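Visitor: A predicted structure for the sequence below; I have some questions about it.
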Amino acid sequence: MRFSTKINGQAREVDCAPNATLLEVLRSLGYTSVKQGCDREGMCGACTVLLDGEAILSCMTPAPRAAGREITSVEALGSPSAPHPIQKAFVEAGAVQCGFCTPGMILATKSLLDRVPAPSDQQIGDALSGNLCRCTGYVKIVEAVKNAAQAIAPGAVQAKESAHAK
Amino acid sequence: MSNAYHQPTRLDEALKLVAKGATPVAGATGLYSLRSLPEGELVDVTRLGLSGISLESGRVWIGAATTLTQIGDAKQLPGCEGALLRRAAKAVGSRPMRNMITLGGNLAHSAYWEDMPPVLLAVEAMVEVQRAGEPAQLFSMADCLKPGKRPWDGGLITRFAIPLPEGIRSFGYERFSKTVNDYSLCTSVCVLRREGQAVRDVRLVLGAVQPRPYRVPEAEKLVEGKAFAPLLLDELAAKVREVAQVGPNFRASNEYRRELTGTLSRRAVETAFNWAMRET
């Protein structure tokens, strides 16, 4: 079946089987940042993309559901020469090791910071609870999220910290 | 293999497709996590305007396509029932999963681990079902959970009605899984009303231990109408362990999960009671 969608800001015509997953379609189109980690169980978060700004698991999403909507993969966020502040924060905090989980982590973080500019530890934990990392552990990743929040909206973070200080 | 994926924007159109045998798809997490999708056509029910929460005639109405994220974030959900729904919705999987899973799909999928049916049973929700060419019908959760043909077979769940009874009411909710993202090994939900120093209208529901959630009347009777005492909690936990029906599960042994039924029920009832006693 054919449908129109927008991927990373570009209008695309997609031709796929009616039961294809969004993960299969995105990878076939070359968006290889979108990974398959677990076996379509929703357990690893490596396939996370944003659909109209909301984080979803593309391995369990029917591809045709993207018709008329906008998909964002990590390819849209930045480049090696001009990384997005979240990508930069992950690199600087040492939150990347093998990198397989990183695109999902970064998109889950983007979805969080778009909703909550100054997230608490609990909110960060909740936002990343669906993203598994088997290399680094999570300390550096949480640190990266906090640093990214500060880089994107420094005022919001400072206001939260001063409120805690009281 | 599925040979068509329909995305209707009108309910009557979707109902006709379902009446002809198309399989409804909502969040798709249940259906697409299966290794093989059903034969025939699929009909996406997420563009029918079935999403949203409203308060009408002393009931909360929740659209079947409302996601668990929407429910978890719904500050407008009132009272004990609203707080319980928010609590349970937020306990499910990860945020991306909750962005996908819908309340209607969670009931219709009917897997033993689904998190919202035990809560819907505890709050005595009614389920609205529509079929092509027929008026909407309301079914109790007890009817929906009976074995055999389901009330929505051949039609669609369109929304849920949550009653908001009067009185001092509270809940306890306990869900146990190996990781926050994993399926529940056992869930226990308690809803009760405080009358003076006594406990009334106790509903204790076990989930994730059988194909469908169920109430535990033997344990409810132990608490009903009585003032609370620590001894009662031990009795209650023992009674739940004695009568709980626990099905096989590869994640943990039946003995372990039977133990969980008592422990979690004890905690759920204690939490509900403690909250009720704080109210004046």
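Guide: Received, thanks.
Visitor: can you pull out the helices in the chain?
Guide: Going with chain A. Counting by DSSP state H, the segments of chain A that form helices are A:22-28, A:85-93, A:102-115, A:121-127, A:139-152, A:154-165.
Visitor: wait, I meant chain B there
Guide: Going by DSSP H, chain B shows helices at B:11-19, B:29-33, B:68-72, B:79-90, B:95-100, B:103-109, B:116-122, B:141-144, B:217-223, B:230-243, B:254-278.
Visitor: okay, the ones you listed in JSON lines with mean pLDDT next?
Guide: Output for the helices of chain B, formatted as JSON lines (pLDDT from 0 to 100):
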{"stretch": "helix B:11-19", "mean pLDDT": "98"}
{"stretch": "helix B:29-33", "mean pLDDT": "83"}
{"stretch": "helix B:68-72", "mean pLDDT": "97"}
{"stretch": "helix B:79-90", "mean pLDDT": "96"}
{"stretch": "helix B:95-100", "mean pLDDT": "95"}
{"stretch": "helix B:103-109", "mean pLDDT": "95"}
{"stretch": "helix B:116-122", "mean pLDDT": "97"}
{"stretch": "helix B:141-144", "mean pLDDT": "96"}
{"stretch": "helix B:217-223", "mean pLDDT": "95"}
{"stretch": "helix B:230-243", "mean pLDDT": "91"}
{"stretch": "helix B:254-278", "mean pLDDT": "94"}
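Visitor: Let me have those in CSV, extended by mean neighbour count and distance to chain A.
Guide: Where you see a C-beta, it was placed from the backbone N, CA and C, and this is true even at glycine. Shown next, in CSV, are the helices of chain B (neighbours: other CB atoms under 10 Å in any protein chain shown; distance: least, CB to the nearest CB, whole Å):
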stretch, mean neighbour count, distance to chain A
helix B:11-19, 19, 13
helix B:29-33, 21, 4
helix B:68-72, 22, 8
helix B:79-90, 21, 8
helix B:95-100, 26, 4
helix B:103-109, 25, 12
helix B:116-122, 27, 16
helix B:141-144, 17, 24
helix B:217-223, 19, 32
helix B:230-243, 16, 29
helix B:254-278, 20, 20
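Visitor: just to revisit the earlier point, what's the closest of the helices of chain A to chain B?
Guide: helix A:121-127 (5.6 Å; CB to the nearest CB).
Visitor: if we look at that closest one, which residues are touching it?
Guide: A:108-109, A:111-112, A:116, A:119, A:142, A:145-146, B:90, B:95 (CB atoms under 8 Å, 6 or more residues apart in numbering or on different chains).
Visitor: same check, this time on stretch B:238-249
Guide: With CB under 8 Å, 6+ apart, stretch B:238-249 has contacts from B:112, B:185, B:188, B:204, B:206, B:209-211, B:214, B:216, B:218-219, B:222, B:254, B:257-259, B:261-262, B:265-266.
Visitor: How far away from the center of its chain is that stretch?
Guide: 19 Å (CA atoms, centre = their mean, to the nearest Å).
Visitor: ok, now stretch B:220-235?
Guide: When distances are taken as CA atoms, centre = their mean, stretch B:220-235 is centred 25 Å away from the chain's centroid.
Visitor: Distance of B:Pro78 relative to chain A?
Guide: 24 Å (CB to the nearest CB, to the nearest Å).
Visitor: Sorry, wrong one. I was asking about B:Trp61.
Guide: 23 Å.
Visitor: Pull the contacting residues for that residue.
Guide: If you count contacts by CB under 8 Å, 6+ apart, then B:Trp61 has B:53-55, B:159-162 around it.
Visitor: Of the residues you listed, which is the most crowded?
Guide: Highest neighbour count within those, by other CB atoms under 10 Å in any protein chain shown: B:Phe160, with 26 neighbours.
Visitor: Bridged to B:Arg159, which residues?
Guide: Beta-bridge partners for B:Arg159, by DSSP bridges, are B:Gly63, B:Glu128.
Visitor: didn't it look like it was pressed against B:Arg59?
Guide: No: B:Arg159 is not in contact with B:Arg59 according to CB atoms under 8 Å; the separation is 10.3 Å.
Visitor: residue contacts, residue 12?
Guide: Defaulting to chain A. Neighbours of A:Arg12 in contact, by CB under 8 Å, 6+ apart: A:4-6, A:29.
Visitor: think we crossed wires, I meant chain B
Guide: With CB under 8 Å, 6+ apart, B:Asp12 has these contacts: B:Ala132.
Visitor: now swap in the one 3 residues further on and tell me
Guide: By CB under 8 Å, 6+ apart, B:Leu15 lies in contact with B:130-133, B:155-156.
Visitor: most surrounded residue in the residues you listed?
Guide: Neighbour max across those (other CB under 10 Å) = B:Leu156, 26 neighbours.
Visitor: Many thanks, have a good one.
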